[in-house]
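*Asks:* after the sequence you'll find the predicted model.
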2 protein chains.
Amino acid sequence: MSLVKFDEMKQTVKQAFLNAGLNEKQADVCAQIHTEASCDGIFSHGLNRVARFVDYVKKGWVDVKAEPKQVKALGSMAVYDGQRGIGITNALFAIDRAMELASEFGIGIVGMRNTTHWMRGGTYGWKAAEKGYAAICWTNTESCMPAWGARNPRLGNNPYVMAVPMKEGSLVLDMAMSQYAYGKLQVTRLKGEKLPFPGGFDKDGNLTDEPGPIEESMRILPTGYWKGSGMAVLLDAMAAFLTAGAPTNEIDKIQEGSCTGASQVFMVFDPKHFGGKEFSENMATSVAEYVKTSTPAEGQRDVFYPGEMELANRANFSANGIPADDGVWAEVQQLAKR
Amino acid sequence: MSLVKFDEMKQTVKQAFLNAGLNEKQADVCAQIHTEASCDGIFSHGLNRVARFVDYVKKGWVDVKAEPKQVKALGSMAVYDGQRGIGITNALFAIDRAMELASEFGIGIVGMRNTTHWMRGGTYGWKAAEKGYAAICWTNTESCMPAWGARNPRLGNNPYVMAVPMKEGSLVLDMAMSQYAYGKLQVTRLKGEKLPFPGGFDKDGNLTDEPGPIEESMRILPTGYWKGSGMAVLLDAMAAFLTAGAPTNEIDKIQEGSCTGASQVFMVFDPKHFGGKEFSENMATSVAEYVKTSTPAEGQRDVFYPGEMELANRANFSANGIPADDGVWAEVQQLAKR
């Protein structure tokens, strides 16, 4: 494990992206977003996604020349075809457009269909909240999880993001519909540990907290059993509805890596058209404080609100360097060789 | 357990509501909604909520004279103050208004603040879907669940609804943020059974599948542990944001029964302004079929999509009578005495 300064990580990632064929602006923006994810402690979607993204670009699964193309627009809503361009720049375009619409109409809803992996979902919630907007964003994905009561994966884990700005910081939820990411299973297995709670089924259908048998069976558990399963189904259908895009069963036919062809939704709300900035920020702060001042459970020192840990990581890692797995860091440095 | 015909149940509930002081139209509409909930198999929010509602009306906690009052309107969005009127009629007004706005603008978002218990959340998703619209609705509530890592209840279970219409039937998700309702704990305890999965903590902080100790501790488990907890926080803040209404910490101060003063959101989308009716219905049907034709897990005969069981119950109970607990039915009959 190394501690890498934000600027050094960003510049290295940027060079890797330039080498892969992204232009100056694309490489800069994408390197910023990957580095921010690691800097917020979301290691699963930061530095360690760089090599896979470069691979997708090389295979032509991500088209670096493609730009979002408008399909539909009516007042507060707009739909774009992402044309399998860069997931990050497509999603940033969408959240920016949704903020513009929200400023004018109170609400801005942008659908982005036929796009590619947006990396860390929380990015787009934070971007909106940092500019004072509330946001709800989600994406569907290819199948990676069985529906509740089923044996074979037919649901995406369909990450879902909600953000409400506070006076200082923001409430930001970023959750997938599986209880654990495959990355978490792998890390736990490599440590020779068990999951804190059951995370899926073994090949015989027994619920288990052993990561290895779950990775083998691909029978990862929906969060909250039938609830995360049901929500994954509806997020999928609603994303395809609002983008006139592909649901999971269509994405599964594409077979060009994770999230290629996905449908994404970006809903943004401007407080000035609802209760006003001051009311909203004070209200959100009261929500966070009420949670924060709960009595901690046995063995807990602290209760956290969504977004709190990311902001603490950001402060810490910005000042002291971002933790980076040595193998992952070496791989990205290799990709960045001129 | 009795089997009661839909019309008989509805007429009896209606008379109970007339006796409580509702006018003809209010009593008819509310009786219809309570009966529909039981007829769809959502027994927790149908017949068995009648007596509690009557009690709230008698205490003046629900004001049967109050009508929703417009607070704000801008294009596709509108905000109303429910003035602590009848939760059902307030919510039906809101979903109807959201459908009107969606027809015109593609999107309709109605916030309803300072309202009372809407009973079964799924009602409003079904109402929209049956008219061909997609919908997302949710409400915040008073505290009934500790945040993840906390000992004392400071979160609402904040029911969340999503609906997308299909060619036949609809995909309808209706979930609260607790793994189990208190009603489910009670029913399981009375049967002397255990919960299928752990449902909360005992007073010493041990996770348990015994309902009794959870009811005692009020330490009910958020669905998906930290995930349902985080989502409850954001649904609360976002509901208050979009209605300029009360978050859970304010509702907790009211102390006039369940959901009095709550903030509710009704988002509706008209397919004609997105991918069109035909595309949307076919897409949703493909989502349902993909789930439905999964390989069932060991010991399962069938895999269900959200809304499927409710529709099957509706057909069965409409034809054969709605199952009603004898004690509950006798109580409502008593309230309906002229």
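*Replies:* Right, received. Where do you want to start?
*Asks:* tell me what the helix or strand of chain A with the lowest mean pLDDT is packed against?
*Replies:* Every helix and strand of chain A was ranked by mean pLDDT, DSSP states H and E. The lowest is helix A:182-190, at a mean of 91. Here helix A:182-190 touches helix A:211-217, going by 3 or more CB pairs under 8 Å, 6 or more residues apart in numbering or on different chains; DSSP states H and E. From N, CA and C alone the C-beta is placed, and that goes for glycine too.
*Asks:* about what we covered before: what sits up against the least confident helix or strand of chain A?
*Replies:* Applying CB atoms under 8 Å, 6 or more residues apart in numbering or on different chains, the contact partners of helix A:182-190 are A:Ser44, A:Cys144, A:Lys194, A:Leu195, A:Gly199, A:Gly200, A:Pro211, A:Gly212, A:Ile214, A:Glu215, A:Ile220.
*Asks:* any weak-confidence spans in chain A?
*Replies:* The model of chain A has no residue with pLDDT under 70.
*Asks:* let me see the domain layout of chain A.
*Replies:* If you go by the TED database, the domain ranges for chain A are A:2-59+A:311-337, A:69-178+A:222-273.
*Asks:* endpoint to endpoint, the shortest one covers what distance?
*Replies:* Taking CA to CA, to the nearest Å, domain A:2-59+A:311-337 runs 19 Å from one end to the other.
*Asks:* does that domain come close to chain B?
*Replies:* No: judged by CB under 8 Å from any CB of the partner chain, domain A:2-59+A:311-337 stays clear of chain B, getting no closer than 14.2 Å.
*Asks:* and that domain, how far from the chain's centre?
*Replies:* 15 Å (CA atoms, centre = their mean, to the nearest Å).
*Asks:* any idea how far B:Ala181 is from the residue most central in space within chain A?
*Replies:* In chain A, the C-alpha nearest the mean C-alpha coordinate belongs to A:Gly121, at 2.1 Å (CA atoms, centre = their mean). Per CB to CB, to the nearest Å, A:Gly121 is found 29 Å from B:Ala181.
*Asks:* the stretch 151-300 of chain A: strands as residue ranges?
*Replies:* Taking DSSP state E, counting those that start in this stretch as the criterion, the stretch 151-300 of chain A carries its strands at A:153-155, A:160-165, A:170-175, A:200-201, A:207-208, A:262-269.
*Asks:* picking up where we left off before, nearest to B:Ala176 among the domains of chain A would be which one?
*Replies:* Smallest distance to B:Ala176 across the domains of chain A (CB to CB): 8.6 Å, for domain A:69-178+A:222-273.
*Asks:* what distance separates the start and the end of the closest one?
*Replies:* 29 Å.
*Asks:* distance between it and the chain's centre?
*Replies:* Counting by CA atoms, centre = their mean, domain A:69-178+A:222-273 comes out at 9 Å from the chain centroid.
*Asks:* in the stretch 201-338 of chain A, which spans are helices?
*Replies:* Here the stretch 201-338 of chain A has its helices, by DSSP state H, counting those that start in this stretch, at A:211-217, A:226-243, A:248-254, A:277-292, A:308-320, A:326-335.
*Asks:* any chance of those in TSV, plus mean neighbour count?
*Replies:* Formatted as TSV, the helices of the stretch 201-338 of chain A follow (neighbours: other CB atoms under 10 Å in any protein chain shown):
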stretch	mean neighbour count
helix A:211-217	19
helix A:226-243	28
helix A:248-254	19
helix A:277-292	20
helix A:308-320	15
helix A:326-335	15
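*Asks:* which of these sits closest to A:Trp126?
*Replies:* If you check each of the helices of the stretch 201-338 of chain A against A:Trp126 by CB to CB, helix A:308-320 wins as the nearest, at 7.8 Å.
*Asks:* what's the angle between that closest one and helix A:277-292?
*Replies:* 100 degrees (axes from the mean of the first three to the mean of the last three CA atoms, to 10 degrees).
*Asks:* other SSEs contacting helix A:308-320?
*Replies:* Using 3+ CB pairs under 8 Å, 6+ apart, helix A:308-320 sits against helix A:24-39.
*Asks:* by contact count, what packs against the helix it packs on?
*Replies:* helix A:6-20, helix A:87-105, helix A:122-130, helix A:308-320, strand A:322-324.
*Asks:* tell me which residues in that helix are buried?
*Replies:* A:26-39 (16 or more other CB atoms under 10 Å in any protein chain shown).
*Asks:* tell me the one of those nearest B:Gln333?
*Replies:* Distance to B:Gln333 across these (CB to CB) is lowest for A:Ala37, with 60.2 Å.
*Asks:* and the gap between that closest one and A:Ala262?
*Replies:* 18 Å.
*Asks:* and if you look at A:Leu335?
*Replies:* 24 Å.
*Asks:* tally of neighbours for the closest residue to A:Val54 other than its chain neighbours?
*Replies:* In this structure, A:Val54 finds its nearest non-sequential neighbour in A:Ala20, 4.5 Å apart by CB to CB, 6 or more residues apart in numbering or on different chains. For A:Ala20, the neighbour count with other CB atoms under 10 Å in any protein chain shown is 21.
*Asks:* do the same with A:Thr295
*Replies:* So A:Thr295, with other CB under 10 Å, has 11 neighbours.
*Asks:* spatially, what comes nearest to it if we skip its sequence neighbours?
*Replies:* Closest to A:Thr295 by CB to CB, 6+ apart is B:Arg151, at 4.4 Å.
*Asks:* burial check on that neighbour, number of neighbours?
*Replies:* Residues within reach of B:Arg151, counting by other CB under 10 Å, total 20.
*Asks:* ok, it to A:Gly299 distance?
*Replies:* With distances taken as CB to CB, B:Arg151 is found 11 Å from A:Gly299.
*Asks:* now do the end-to-end distance for stretch A:148-168.
*Replies:* One end of stretch A:148-168 to the other measures 39 Å (CA to CA).
*Asks:* hang on, I meant stretch A:192-212
*Replies:* 10 Å.
*Asks:* determine how far that stretch lies from the middle of the whole chain.
*Replies:* 24 Å.
*Asks:* so what's the residue in the stretch 1-150 of chain A that chain B sits nearest to up against?
*Replies:* The stretch 1-150 of chain A approaches chain B most closely through A:Ala150 (3.4 Å), counting by CB to the nearest CB. The contact partners of A:Ala150, taken as CB under 8 Å, 6+ apart, are B:Val291, B:Ser294, B:Thr295, B:Pro296, B:Ala297, B:Gln300, B:Val303.
*Asks:* do the same with A:Pro213
*Replies:* A:Asp202, A:Lys203.
*Asks:* same thing with A:Ser286?
*Replies:* With CB under 8 Å, 6+ apart, A:Ser286 has these contacts: B:Pro247, B:Asn249, B:Glu250.
*Asks:* so which of those residues is the closest to chain A?
*Replies:* The closest of these to chain A turns out to be B:Asn249 (CB to the nearest CB; 4.1 Å).
*Asks:* verify the stated contact: that closest one with A:Val287.
*Replies:* Yes: using CB atoms under 8 Å, B:Asn249 is in contact with A:Val287, at 6.7 Å.
*Asks:* what helix or strand is A:Cys137 on?
*Replies:* Using DSSP states H and E, A:Cys137 sits in strand A:134-139.
*Asks:* check which helices and strands that strand sits against.
*Replies:* helix A:87-105, helix A:122-130, strand A:160-165, helix A:226-243, strand A:262-269, helix B:226-243.
*Asks:* among these, which is nearest B:Ala315?
*Replies:* Among the helices and strands packed on strand A:134-139, helix A:226-243 sits nearest to B:Ala315 (CB to CB), with 20.4 Å.
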